[in-house]
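1. sequence plus predicted model, see below.
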2 protein chains.
Amino acid sequence: MTARGRKKRAAIPQGVVGRLPVYFRYLTELHSLGVDKVSSAQLGEALDFTAAQIRSDLSYFGSFGQQGYGYNVAELLQQVRQILGLNKRHSLVLVGAGNIGKAIGSYGWFRAEGFIIEAIFDIDPHLIGNIHGGCAIRHVDELKDYLQEHSADIGVIATPKEAAQAVCDVLVAGGVKGIWNFSPAQLNVAEGVIVENIHLTDSLLRLAFRLHEREQRLE
Amino acid sequence: MTARGRKKRAAIPQGVVGRLPVYFRYLTELHSLGVDKVSSAQLGEALDFTAAQIRSDLSYFGSFGQQGYGYNVAELLQQVRQILGLNKRHSLVLVGAGNIGKAIGSYGWFRAEGFIIEAIFDIDPHLIGNIHGGCAIRHVDELKDYLQEHSADIGVIATPKEAAQAVCDVLVAGGVKGIWNFSPAQLNVAEGVIVENIHLTDSLLRLAFRLHEREQRLE
């Protein structure tokens, strides 16, 4: 990292943060295809941002393209990985081994990027003891004791709505600092705990709204 | 709907649109609990918005609380449903019957709200003919012909990344106007087609970033 003008990390605006995963995905793809360099114009076209926005965003990463050359893909990817905190291992516990839980547990990408599911919990006696993604499914009653013996960075909640807050409380009491919530519940957590929601229903409702709006424009 | 000051529907700002599903979920819950009325202060506390923001948002729906009474829950819910376009039936086709596809196919909420999965497609010969959520799984090669005979409002893409764009092209050519994309692919569609993405990896990356940022603040 050079000293020339790298903006302070705390100053990264939310808009840029929201675009970080998009940069990460695209740069990963370029890198896997063996592409060495990319211009802001190329990045802009591929990601549907303006070249000026790309240059502004990348300046937050301390990365400066060379005139007539562009950006070094491997270096830029490494910087994005570092900003995202991907150079460390994250331990996850997953609560809820239904279809969504199974999908998460079998998603190879997470493991490849250092997000390791260490334990899986469910309440269904038929599932307890089954192996999923290399983990034996445990009864959710064991979650509290498990967290006393093992530290976990991220708790994944893939339970029905009704169970989500109680599970969340056990996770937070057990020291989990990040909650990845797939349930439709609006979770309350202690200050300092970060909740990232995947609300499938909200997403479908936004799509329905935009379809409805489109039809009305066409009427 | 009254004439007094209802703002034009086209004028609903994106921020309000993003909050519509949150109102919808909460009002549905209140309604199912038999709650008749709710004040902007109560809504604000439950949803973590200010009462002023609630009043401003709800004015877009043409809804005005009564001083000392608040809002009628059933009426407000009906208005939100109408704005979201939930009073019509949506037909869905689902492509990809892996874990994510199965989770979507078995989510009772969608059906209850009129989002009906009419057909499911996959490429895996072992899955073809299996019944899931009342639908026989068909081979994805039949998707094009299916769409010539049946209209579909929304195409759900739950395939691996590599297959997503080709599937999307068949869906759009077949007249589908809304794409609900669960694959990590960045899809290109014709103008007028609406894409709503659920990028699991982006969501996990945002959580990782915020955890990383939190740790750095504490250091």
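-> Structure's in. What do you need? Numbering: from 1, shown residues only, chains lettered A, B, ... in the order given.
2. export the one helix or strand in chain A whose mean pLDDT sits lowest to CSV, keeping only CA atoms.
-> Lowest on mean pLDDT, DSSP states H and E among the helices and strands of chain A sits helix A:108-112, with a mean of 81. C-alpha atoms of helix A:108-112 as CSV (Å, rounded to 0.1, in the frame of the first residue of the first chain):
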residue,chain,number,x,y,z
GLY,A,108,-18.7,-24.7,-1.8
TRP,A,109,-17.9,-21.1,-2.4
PHE,A,110,-18.2,-20.2,1.3
ARG,A,111,-15.7,-22.9,2.3
ALA,A,112,-13.3,-21.9,-0.5
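3. so what touches it?
-> Counting contacts by CB atoms under 8 Å, 6 or more residues apart in numbering or on different chains, the residues outside helix A:108-112 that touch it are A:92, A:104, A:116, A:117, B:184, B:201, B:204. (Glycine included, C-beta is placed from N, CA and C.)
4. what segments of chain A are helices?
-> Counting by DSSP state H, chain A has helices at residues A:14-32, A:40-47, A:51-60, A:73-84, A:99-105, A:108-112, A:143-149, A:161-173, A:200-218.
5. residue A:150 and residue A:116 touch, don't they?
-> No - with contact taken as CB atoms under 8 Å, residue A:150 and residue A:116 are classed as non-touching, separated by 11.7 Å.
6. if we can go back for a sec, out of the helices of chain A, indicate the one that is most buried.
-> Most buried of the helices of chain A by mean neighbour count (mean count of other CB atoms under 10 Å in any protein chain shown) is helix A:99-105; its value is a mean of 24.
7. outline the domain layout of chain A.
-> Chain A is divided into the following domains under automatic domain parsing: A:9-83, A:90-202.
8. low-confidence stretches in chain A?
-> Residues of chain A meeting the criterion pLDDT under 70: A:1-11, A:63-68.
9. again, only this time at 50
-> Across chain A, residues meeting the criterion (pLDDT under 50) sit at A:1-8.
10. give me the angle between the longest strand along it and helix A:161-173.
-> Identified as the longest strand of chain A according to DSSP state E is strand A:115-122. Between the direction of strand A:115-122 and that of helix A:161-173, the angle (axes from the mean of the first three to the mean of the last three CA atoms, to 10 degrees) works out to 120 degrees.
11. direction included, what does strand A:115-122 pair against?
-> For strand A:115-122, the paired strands and their directions (DSSP bridges) read strand A:90-95 (parallel), strand A:135-139 (parallel).
12. name the residues that touch it?
-> Counting contacts by CB under 8 Å, 6+ apart, the residues outside strand A:115-122 that touch it are A:89-98, A:101, A:104-105, A:110-111, A:128, A:132-133, A:135-140, A:142-143, A:146, A:150, A:152, A:154, A:156, B:204, B:208.
13. can you do 6 Å?
-> In this structure, residues lying in contact with strand A:115-122 by CB atoms under 6 Å, 6 or more residues apart in numbering or on different chains are A:90-95, A:97, A:105, A:132-133, A:135, A:137-138, A:140, A:143, A:146.
14. cool, stretch A:183-199 as well?
-> The set of residues that contact stretch A:183-199 without belonging to it, under CB under 6 Å, 6+ apart, is A:157, A:159, A:161, A:164-165, A:168, A:172, A:177-182, A:201, B:203, B:206-207, B:210.
15. near chain B, which residues of chain A?
-> A:21, A:84-85, A:99-100, A:102-103, A:109, A:178, A:180, A:194, A:196, A:198, A:201-203, A:205-212 (CB under 6 Å from any CB of the partner chain).
16. related to what we said a few turns ago, for residue B:219, which of the domains of chain A is the nearest?
-> Shortest distance between residue B:219 and these, using CB to CB, is found for domain A:9-83: 11.6 Å.
17. sorry, back to before: now for the contacts of strand A:115-122: which two are most distant?
-> Within these, two members stand farthest from each other by CB to CB: A:90 and A:140, at 21.3 Å.
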